[in-house]
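1. sequence first, then the predicted structure:
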Amino acid sequence: MNKQHSSNANWTLTTHDHGWQISPPESVDPNDYQFYLEWCAGQSFSPAIALTQITDLVLSFAFLSTLVNDQVDALAHPILLVKNKHASSSLIRIACRHLAMSATANFRDYGGYHTQCGRQVRWGKLFRTGHMGEMNDRDIAVLSQLNIQAVCDFRRPEEAAKQPSLLPQGLLPTAIPISPGSAIDLFSAISDQAIDEAKIDAFMQDINHDLVINHQPSYRAMFDQLLASTDAGSIIHCSAGKDRTGFGGLLMLSALGVSDDDIMADYLLTNQYVKIEREIARWTANYGPDQTETSAADSDKVKAAREAIKEQQGEFNHQALAVILKVKSSYLQTAIDTIKQEFGNNIAYLEQQIGLSSAELSRLKAAYLYD
C-alpha cells in the first residue's frame with residue numbers, strides 16, 4: 001500500500017467544547033501559515049476570508065458567528081484553506097471529519113484525503129453515515145446547509161420501514177437495497193450464549209467478499225446518483241454506516257485516486273464514532289426476540305432467517321453484538337484482496353464490473369477533487 005500521500009501527515013481540525021482546534025503536522029511551525037475561511041454554516045466565501053484573530057490555533061464558535069453573521073455551532077462544518085506564507089503554491093484544505101448529529105450514528109465527511117497524484121478530495125460534498133431515522137430539527141437543518149441533494153440508502157426494505165429517514169422537505173432518498181451475507185448466520189452469531197469472535201470475523205469477511213462479487217448493479221446505482229449530483233452534497237448510508245457504506249466509500253475514494261491506506265483509515269473511523277451502547281439498544285429494539293414476527297416489508301431471506309431462529313432464540317448476546325457493530329481492518333481488507341485477486345485492481349473493477357467509463361471517472365475527479 002502506498003503511504004506517500006497518507007492524510008495522517010496533514011493538518012487536522014477537531015471539535016471541542018467552544019470551537020475547533022487546528023493541529024499542524026509535526027515539525028511544522030504554524031506561524032509560517034495563514035488561514036482562510038472558505039465555507040461555514042451554509043455560506044460559501046469567495047474570495048476566502050482571511051482569519052487574522054486566531055488565538056492558540058482555536059477557531060471559536062463565537063468568533064465565527066460574528067464573522068459569518070450567523071449562529072455557529074459544532075455542526076457548522078467550517079472548511080479552511082491553509083496557505084504557506086513563503087510558498088504560495090502550497091495549499092491544503094482542512095475540515096472536521098465528524099459531525100456529531102443528535103442521534104445519527106457515524107455521520108462524517110469522507111472528503112479531504114489526498115490522492116496518489118497529490119490532489120485533494122473536496123470537503124463538504126461526500127458524506128457517509130448510519131441510519132437517519134432519529135434526526136432532530138437541527139440535524140435536518142444541517143442537511144439543508146450542506147446542500148445534500150442525493151441520499152443513497154443501502155438498507156433492506158424492512159430496515160428502512162422500521163426507521164424511515166428524516167430528511168429536509170423535498171429530499172427523497174434513493175433506495176438501493178443491499179443484503180449481503182446470510183441473515184440466519186447473523187442472528188445466530190449474536191444469539192449464541194458464548195462469544196465466538198472467530199465466527200463473527202469470518203461472517204464479516206464473507207460479507208465483504210459478497211459485496212465485491214454480487215452487488216455491482218447496486219453500486220453502479222450509487223455512482224449514477226453521485227454523477228447526477230456533482231454540484232451538491234451527497235450521503236451514502238446503511239444501518240450502522242460501516243459495511244455496505246464502507247464498501248461504497250472504498251469504491252468512491254478509489255475512483256478519485258485515494259490510496260488503500262487512506263481508504264482503510266477512513267473505514268476504521270467507525271470505531272471512534274459509533275456509540276456501541278446506543279446501537280445495541282437500537283438493534284435489540286428492532287431485531288430482538290420480541291421482533292421476530294415477519295412483516296410484509298421483510299425480504300424472503302429475512303423471513304426465512306426469522307422463522308429458523310424463532311423457536312430457539314433467546315436474548316441477544318450484547319457482547320457479541322458489540323463485536324459485530326465494530327469494524328476490523330481484516331473485514332475491508334477482504335474486499336480489497338478479493339478485488340485484486342479476481343479483477344486486478346480497484347480501477348479495473350470500477351471499469352469492468354461497475355461499468356464506469358473513462359469519461360465518467362474523469363467527471364468524478366473534476367467534480368470531487370480540488371484543482
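-> Good, I have the coordinates. Keep in mind the model is a prediction, meaning the values are calculated, not measured.

2. run a quick neighbour tally on residue 44.
-> Using other Cβ atoms under 10 Å, residue 44 has 12 other residues around it. Every residue, glycine included, has its C-beta placed from N, CA and C.

3. quick one: it is in a strand?
-> Yes. Counting by DSSP: H, G, I helix; E, B strand; the rest coil, one finds residue 44 located in a strand.

4. not counting sequence-adjacent ones, nearest residue to it?
-> Nearest residue to residue 44 in three dimensions, chain neighbours excluded: residue 38, at 7.0 Å (Cβ to Cβ, 6 or more residues apart in numbering).

5. any idea how far the one you found lies from residue 124?
-> Taking Cβ to Cβ, to the nearest Å as the measure, residue 38 falls 9 Å from residue 124.

6. joint contacts of the two?
-> The contact sets of residue 38 and residue 124 overlap at residue 79 (Cβ atoms under 8 Å, 6 or more residues apart in numbering).

7. what helix or strand is the residue nearest to residue 91 when sequence neighbours are not counted located in?
-> Once flanking residues are discounted, residue 91 sits nearest to residue 83: 5.8 Å by Cβ to Cβ, 6+ apart. Per DSSP states H and E: residue 83 is located in strand 79-84.

8. how far off centre is that strand?
-> Chain-centre distance of strand 79-84: 23 Å, with Cα atoms, centre = their mean, to the nearest Å.

9. how about stretch 124-139?
-> The answer for stretch 124-139 is 10 Å, by Cα atoms, centre = their mean.

10. go on, stretch 171-184?
-> 16 Å.

11. what does the average pLDDT come to for that stretch?
-> If you average the pLDDT over stretch 171-184, you get 86.

12. just the CA coordinates for that stretch, please, in CSV.
-> Provided in CSV are the C-alpha atoms of stretch 171-184 (Å, rounded to 0.1, in the frame of the first residue of the first chain):
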residue,chain,number,x,y,z
LEU,A,171,-35.3,15.5,-0.4
LEU,A,172,-36.1,11.9,-1.1
PRO,A,173,-33.7,9.0,-0.6
THR,A,174,-32.8,6.7,-3.4
ALA,A,175,-33.4,3.1,-2.2
ILE,A,176,-30.5,0.8,-3.2
PRO,A,177,-31.2,-2.2,-1.0
ILE,A,178,-28.2,-4.4,-0.4
SER,A,179,-28.4,-7.6,1.5
PRO,A,180,-25.0,-9.3,1.8
GLY,A,181,-24.2,-12.4,3.7
SER,A,182,-26.6,-14.8,5.5
ALA,A,183,-29.2,-13.3,7.8
ILE,A,184,-29.5,-16.7,9.5
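
13. what residues does that stretch touch?
-> By Cβ under 8 Å, 6+ apart, stretch 171-184 touches 143, 148-157, 160, 165, 167, 203, 206-208, 210-211, 214-215, 218, 221-222, 225, 238, 243-244, 299, 301-302, 304-305, 308-309.

14. check the secondary structure at residue 151 for me.
-> Residue 151 - assigned by three-state DSSP - is strand.

15. the nearest residue to it once chain neighbours are set aside and residue 236, how far apart?
-> Nearest non-adjacent residue to residue 151, counting by Cβ to Cβ, 6+ apart: residue 173, 4.1 Å away. In this view, residue 173 and residue 236 are 11 Å apart by Cβ to Cβ.

16. overlap in contacts, the two.
-> Shared contacts of residue 173 and residue 236 (Cβ under 8 Å, 6+ apart): residue 152.

17. who's more crowded, the two?
-> Higher neighbour count among residue 173 and residue 236: residue 236, with 29 against 18, using other Cβ under 10 Å.

18. where does the more buried one land in three-state SS?
-> strand.

19. pretty sure it is touching residue 245, no?
-> Yes. With contacts counted by Cβ atoms under 8 Å, residue 236 reaches residue 245, the gap being 5.4 Å.
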